[in-house]
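Student: Okay, predicted coordinates and the sequence, questions at the end:
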Amino acid sequence: MSELVPTGKEMLDGKLIDVARQSWLSDVEITLTAKRADDELVTESTHTDADGMFSMVLPDGEFVAARLTANLIGFSPIDLVLDGNRLDAGEVTLFANESSPSKLPSSRG
């Protein structure tokens, strides 16, 4: 994973694991979608590195819901728990449960 430069912003770090193969998944797009009270959606995306690790800056502000998805066929999104109405920094592990997860086309060019 490339070295992160401190930004003073809250970060969400995680790892994507293929349960069936007991290995991590590299170069998979991870997307965080957060919804504000006025229904505005805020989206942040990143990709897993060679070790399945990812890190993203959490958007500022208050939200009513947040969801984290991996761009894999068969992956079920997970809803994040909000700290009050704020996204809470921390770590998360995502699990791909299929025997052979397939990547969906990436939006990265």
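Tutor: Happy to help now that I have it.
Student: how about the residue nearest to the spatial centre of the chain, what does it touch?
Tutor: Nearest to the geometric centre of the chain sits I30, at 4.2 Å (C-alpha atoms, centre = their mean). Residues near I30 by C-beta atoms under 8 Å, 6 or more residues apart in numbering: 14, 16, 45-48, 54, 56, 68-71, 94. The C-beta positions use only the backbone N, C-alpha and C, and glycine is treated the same way.
Student: secondary structure class for it?
Tutor: strand (DSSP: H, G, I helix; E, B strand; the rest coil).
Student: if we can go back for a sec, are any of the contacts of I30 buried, and which?
Tutor: G14, L16, S45, T46, T48, F54, M56, L68, T69, A70, N71, L94 (16 or more other C-beta atoms under 10 Å).
Student: and which of the contacts of I30 is nearest D83?
Tutor: Using C-beta to C-beta, L68 is the member of the contacts of I30 that sits closest to D83, with 15.1 Å.
Student: Thought T43 was touching that closest one, still the case?
Tutor: No. With contact defined as C-beta atoms under 8 Å, L68 does not count as touching T43 (11.1 Å).
Student: Mind listing the shared neighbours of the two?
Tutor: With C-beta under 8 Å, 6+ apart, L68 and T43 have common neighbours T31, L32.
Student: Identify the residue nearest V28 in space, chain neighbours excluded?
Tutor: Among residues not flanking V28 along the chain, T48 sits closest, at 4.8 Å (C-beta to C-beta, 6 or more residues apart in numbering).
Student: Quick check: pLDDT value at that neighbour.
Tutor: In this model, T48 is scored at 92, pLDDT.
Student: Same check on V92?
Tutor: Note on V92: pLDDT of 77.
Student: Looking at strand pairing, list the partners for it.
Tutor: In this entry, V92 is beta-bridged to G14, by DSSP bridges.
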